[in-house]
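[1] Any chance you could fold what I've pasted below:
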Amino acid sequence: MSNETEDAGVRHLMLRSLDRIVEEKAENAAQAADGKPGFPVDLWSALEEAGMTALGEENEGDLGLGNAMALVERAAYHTLPVPLAETILARRLLAKAGIEIPDGALSMAPPSAIRDGKATGVPWASSVTSVVTTTAPDTLALIDAREAASSGFNMAGEPRETIDLGRARIVASAKLADAAKIVEAEGALVRAVQMSGAMSRVLEHGLTWANDRIQFGRPIARFQAIQHLMAELAAEAAAGSAAALMAVEAVAERSDRLAIAIAKARTGEAAGRVCAIAHEVFGAMGFTQEHTLHYATRRLWSWRNEFGSEVQWQAEIGRAIAAGGADSLWATLTAHG
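    A predicted model of the protein is given here:
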């Protein structure tokens, strides 16, 4: 069996295991955790027992970046209310810096969110074992923020807390060249992958609704206007997913900030359009608490602005292209196409 075939088999089994955990442990988990304090211990324990929370280290027996991101994408598809993506990213960055990786859930404090001694919008800060952040542009740090975090939530009801860095305890730190840029870029990659998964869920919801909803004696999927909207939704979701996959493949081989910038910008743009179309197709039902569509769309609205919005990453793409000059434009575009 080739390595590629074996890798695909491992990924298939891993994703099937996650699907089973969702069926057994996570039914209505997003609803139960929406905007409410507390950590989903049972769900996290099931993921830990399956070995899914220990991914991230480079060259230390993990399943590789591609498989780790496939897991992140599927978890986002299921709208799991756990810091799985943050833990995988944190472990990857700690391994890069040579810092010992602690057990348990981890989180990330993006450098761009640090102002006046406080880090804002930190996922699950008071619930996780430690938070990875930067104390200088070239220094990665592991901090214990459980006693220094104040409660808060993003639009999707996910914990997004503020850390008083003056009260947080530094557990370990190490020099890492361009640490702040790496944290921001790899965080953007993870959010792009998550948006890809959530957009797949929105597309599935839309297709099911369009075929089930009867209006004027027939499913609304038979109306040409709805068909056009669903075709556009599918195209945007596919474009965003392709950009995210391209970036994962590029980063697995080398450091590629431009590929990440393209992925975060394109998935963010796609997410806005996908959410708008989905709620247009669903009408009033899409805005109710009773339907699960909003668990995906509210995450998309939130994630598109974390680790840099599409506007910020589009500006970086423009600067990178301009710096390369006209003669290298085609080579740059085809290298990331």
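[2] Report the residue ranges of every domain in the chain.
    Domain assignment for the chain by automatic domain parsing gives 3-177, 180-335.
[3] how many neighbours does Val72 have?
    Around Val72 there are 26 other residues, counting by other CB atoms under 10 Å. Where C-beta positions appear, they are placed from N, C-alpha and C, glycine not excepted.
[4] before we move on, back to that, can you redo the domains of the chain as JSON lines with mean pLDDT?
    Below are the domains of the chain laid out as JSON lines (pLDDT from 0 to 100):
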{"stretch": "domain 3-177", "mean pLDDT": "90"}
{"stretch": "domain 180-335", "mean pLDDT": "94"}
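[5] next one: the strand or helix carrying Leu93 to chain centre, how far?
    Leu93 belongs to helix 84-97 when assigned by DSSP states H and E. Offset of helix 84-97 from its chain centre (CA atoms, centre = their mean, to the nearest Å): 13 Å.
[6] what does stretch 314-328 give?
    Offset of stretch 314-328 from its chain centre (CA atoms, centre = their mean): 26 Å.
[7] three-state assignment of Thr120?
    Following DSSP: H, G, I helix; E, B strand; the rest coil, the label given to Thr120 is strand.
[8] Then Val171?
    strand.
[9] Which residues lie in contact with it in this structure?
    Going by CB atoms under 8 Å, 6 or more residues apart in numbering, Val171 touches Pro102, Ser130, Leu142, Ile143, Asp144.
[10] could those be laid out in CSV, adding neighbour count and secondary structure?
    Formatted as CSV, those follow (neighbours: other CB atoms under 10 Å; DSSP: H, G, I helix; E, B strand; the rest coil):
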residue, neighbour count, secondary structure
Pro102, 17, coil
Ser130, 26, strand
Leu142, 24, strand
Ile143, 23, strand
Asp144, 15, strand
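[11] Are we agreed that Ala156 is in a strand?
    No: going by three-state DSSP, the assignment for Ala156 is coil, not a strand.
[12] For it, give me the backbone phi and psi.
    When read as degrees, to the nearest 10, the backbone of Ala156 gives phi -90, psi 0.
[13] So it versus Asn67, what's the distance?
    As judged by CB to CB, to the nearest Å, Ala156 and Asn67 stand 26 Å apart.
[14] In terms of neighbours, single out the busier of these two.
    Neighbour tally, Ala156 and Asn67, criterion other CB under 10 Å: the higher count belongs to Ala156, 22 against 17.
[15] For Thr297, which non-adjacent residue is spatially closest?
    Cys275 (4.4 Å; CB to CB, 6 or more residues apart in numbering).
[16] do Thr332 as well
    Closest residue to Thr332 apart from its sequence neighbours, by CB to CB, 6+ apart: Gly324 at 5.6 Å.
[17] what number of residues lie near that neighbour?
    For Gly324, using other CB under 10 Å, the count is 13.
[18] Hmm, Ala335 and it touching each other?
    No: counting by CB atoms under 8 Å, Gly324 stays clear of Ala335, with 10.6 Å between them.
[19] what's the residue nearest to Thr297 in contact with, if anything?
    Here Cys275 is in contact with Val202, Thr297, Leu300, Trp301 (CB under 8 Å, 6+ apart).
[20] can you check Val190 too?
    Val190 sits next to Met69, Val72, Ala85, Glu86, Ile88, Leu89, Phe307 when contact means CB under 8 Å, 6+ apart.
[21] same deal with Glu249?
    Listed by CB under 8 Å, 6+ apart, the contact set of Glu249 reads Gly66.
[22] Just checking the distance from stretch 182-189 to the centre of its chain.
    11 Å.
[23] Same question for stretch 179-191.
    Per CA atoms, centre = their mean, the centroid offset for stretch 179-191 relative to its chain is 11 Å.
[24] So which bits of it are buried?
    Within stretch 179-191, the residues scored as buried using 16 or more other CB atoms under 10 Å are Ala179, Ala180, Ile182, Val183, Glu184, Ala185, Glu186, Gly187, Ala188, Leu189, Val190, Arg191.
[25] Keeping just the C-alphas, turn it into PDB.
    C-alpha atoms of stretch 179-191 as PDB (Å, rounded to 0.1, in the frame of the first residue of the first chain):
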ATOM      1  CA  ALA A 179       6.700  34.500  16.300                       C
ATOM      2  CA  ALA A 180       4.000  37.100  16.100                       C
ATOM      3  CA  LYS A 181       3.700  36.800  12.300                       C
ATOM      4  CA  ILE A 182       3.600  33.000  12.500                       C
ATOM      5  CA  VAL A 183       0.900  33.000  15.200                       C
ATOM      6  CA  GLU A 184      -1.300  35.400  13.200                       C
ATOM      7  CA  ALA A 185      -0.800  33.500   9.900                       C
ATOM      8  CA  GLU A 186      -1.300  30.000  11.200                       C
ATOM      9  CA  GLY A 187      -4.300  31.200  13.200                       C
ATOM     10  CA  ALA A 188      -5.700  32.600   9.900                       C
ATOM     11  CA  LEU A 189      -5.100  29.300   8.200                       C
ATOM     12  CA  VAL A 190      -7.000  27.400  10.900                       C
ATOM     13  CA  ARG A 191     -10.000  29.800  10.700                       C
END
